[in-house]
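Chemist: pasting the structure only:
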Ligand code: SF4
Ligand code: SF4
């Protein structure tokens, strides 16, 4: 039987490894992306049923947070076109919105985990399905990356909730500047396990 | 389509073969940035560069592929949720006293933004020069939000984002 890491796609093949997956210690981690053991899924599993959502009909106005992300995405676009000054100006506009976000009613690690879970269980599967139905390959790619990255965030939050500060003691935290994958360890991985860019595309999160 | 050469300084090893082959002298500059005003877009430098450090970028970009209404709508599920996650991680990091957790939350804040940028890019905002992008900025200008740099925004629309 084969088990697949839901974050990076690493395959654990029982025949090759000689150890049944179930017999691996509970603190087994994916050798590529460090996702914990319970983030592996059996290769031959049944299709999960899609939890459908109804989308608000009058949802046209973008929220400030969405505008901020849209503008900083445009800033990245300009950077790719080598228009560095325009990119900086666009980023300034984005930062205005980032700095003017309304505060949230309840913020807690629990609430944050809940948002991520909703993305994984409802939002991304619906986006993926809709993109497939409309043959939108770009959105499909983003949904695949987003699902994997959200999975690692879920794993890191779960680990933190269990082990506390110990989980991060003496370790550095890196973010892939292309897809958002988060890596906790001594140095950034050779290749991003999600989007496959080289290690120099990782940013280290600065300590306080 | 008219193009100009640009050099990726990260890849450039300063072997300088591009200096010898460029017919216009555009590659010979004190700051290593190819002079767009001299470059004629012939592409000889890009072919000659051993490090594949030069690419030719177009001066105008093709229209984006129109996105389906249904995709745009469904993508909002993610953009709304990631915007919220980003803000929540930011606020929690601000209040947090543990160094490890602080780093983790900062990483989640950044990561949520990146995932949101990706989804917005696939929601009709791929090209900065697109009508969509310009309309978004114009709409903001029209609302005159307090403290927003209207001049900078107007300059972007008028100068940087025109596509002809
Ligand atoms: S030929 Fe390529 S590597 Fe050499 S100086 Fe020019 S751009 Fe740099
Ligand atoms: S494209 Fe031609 S003119 Fe422009 S920098 Fe390269 S060799 Fe020189």
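Modeler: Now that the structure is in, tell me what you want to look at. The structure presented is a predicted model; accordingly, all values stated were derived computationally and were not measured. Numbers count the residues shown, from 1 in each chain, chains lettered A, B, ... in the order given. Ligands and ions are numbered 1, 2, ... in the order given.
Chemist: in chain A, which helix has the most residues?
Modeler: helix A:137-163 (DSSP state H).
Chemist: near chain B at all, it?
Modeler: Yes: using CB under 8 Å from any CB of the partner chain, a contact is recorded between helix A:137-163 and chain B, made by A:138, A:139, A:142, A:143, A:145, A:146, A:149, A:150, A:153, A:156, A:157, A:160. Quick note: C-beta positions are derived from backbone N, CA and C, even for glycine.
Chemist: surely the second one is in contact with residue A:124?
Modeler: What it means is residue A:139. No: look at residue A:139 against residue A:124 with CB atoms under 8 Å: they stay out of range, at 10.7 Å.
Chemist: right, and ligand 1 sits closest to which residue of chain A?
Modeler: residue A:82 (13.5 Å; CB to the nearest ligand atom).
Chemist: contacts only, for that residue.
Modeler: B:6, B:57 (CB atoms under 8 Å, 6 or more residues apart in numbering or on different chains).
Chemist: same deal with residue A:187?
Modeler: Here residue A:187 is in contact with A:172, A:174, A:199 (criterion: CB under 8 Å, 6+ apart).
Chemist: the more surrounded of residue A:139 and residue A:124?
Modeler: The residue with more neighbours, out of residue A:139 and residue A:124, is residue A:139; 28 against 25, by other CB atoms under 10 Å in any protein chain shown.
Chemist: distance of the residue minimising distance to the centre of chain B relative to ligand 2?
Modeler: Centroid check for chain B by CA atoms, centre = their mean gives residue B:128 as the closest residue, at 7.5 Å. From residue B:128 across to ligand 2, the span is 23 Å (CB to the nearest ligand atom, to the nearest Å).
Chemist: got the residues of chain B near ligand 2?
Modeler: B:5, B:21-24, B:26-27, B:34, B:39-45 (CB under 6 Å from any ligand atom).
Chemist: among the residues you listed, give me the pair with the biggest separation.
Modeler: B:21 and B:41 (14.0 Å; CB to CB).
Chemist: looking at those two, which has the bigger crowd around it?
Modeler: residue B:41 (17 against 14).
Chemist: ok, that one - contacts?
Modeler: B:2, B:3, B:4, B:5, B:56.
Chemist: for burial, what's the neighbour tally of residue 130?
Modeler: Answering for chain A, as no chain was given. 22.
Chemist: hmm, I had chain B in mind actually
Modeler: Neighbour count for residue B:130, taken as other CB under 10 Å: 19.
Chemist: you'd agree it is up against residue B:62?
Modeler: No: the pair residue B:130 / residue B:62 is not scored as a contact, 10.3 Å apart, by CB under 8 Å.
Chemist: the closest residue to ligand 2 within chain A and residue A:5, how far apart?
Modeler: Closest to ligand 2 within chain A is residue A:82: 13.0 Å, counting by CB to the nearest ligand atom. Applying CB to CB, to the nearest Å, the value for residue A:82 to residue A:5 is 37 Å.
Chemist: now list the buried members of the contacts of residue A:187.
Modeler: A:172, A:174 (16 or more other CB atoms under 10 Å in any protein chain shown).
Chemist: is stretch B:118-126 up against chain A anywhere?
Modeler: Yes: counting by CB under 8 Å from any CB, contacts between stretch B:118-126 and chain A involve B:118, B:119, B:120, B:121, B:122, B:125, B:126.
Chemist: tell me the SS of the nearest residue to residue B:14 once chain neighbours are set aside?
Modeler: Distances taken as CB to CB, 6 or more residues apart in numbering or on different chains put residue B:32 closest to residue B:14, at 7.8 Å, once the chain neighbours are dropped. Here residue B:32 is recorded as coil under DSSP: H, G, I helix; E, B strand; the rest coil.
Chemist: return the residues in contact with residue B:32.
Modeler: B:7, B:9, B:12, B:14.
Chemist: which secondary structure elements does whichever strand or helix holds residue B:113 contact?
Modeler: Using DSSP states H and E, residue B:113 falls within helix B:99-121. Applying 3 or more CB pairs under 8 Å, 6 or more residues apart in numbering or on different chains; DSSP states H and E, we find helix B:99-121 packed against helix A:64-80, helix A:137-163, strand A:172-176, strand A:182-185, helix B:69-95.
Chemist: report whether the next helix or strand after the fourth one contacts chain B.
Modeler: Using DSSP H and E, the next helix or strand after strand A:182-185 towards the C-terminus is strand A:202-204. Yes: using CB under 8 Å from any CB, a contact is recorded between strand A:202-204 and chain B, made by residue A:203.
Chemist: could you list the domains of the chain?
Modeler: No chain was given, so I picked chain A. A:1-46, A:62-102, A:105-158, A:170-208 (automatic domain parsing).
Chemist: nope, chain B please
Modeler: B:3-58, B:69-163.
Chemist: please see if stretch B:28-41 touches ligand 1.
Modeler: No: Stretch B:28-41 does not reach ligand 1 (CB under 6 Å from any ligand atom); its nearest approach is 7.8 Å.
Chemist: what residues sit buried inside that stretch?
Modeler: Buried residues in stretch B:28-41, defined by neighbour count with 16+ other CB under 10 Å: B:34, B:35, B:39, B:41.
Chemist: what sits against the nearest residue to the second one once chain neighbours are set aside?
Modeler: What it means is residue B:35. Nearest non-adjacent residue to residue B:35, counting by CB to CB, 6+ apart: residue B:26, 4.5 Å away. Residues in contact with residue B:26 (CB under 8 Å, 6+ apart) are B:5, B:34, B:35, B:36, B:37, B:38, B:39, B:40.
Chemist: perfect, I'm done here.
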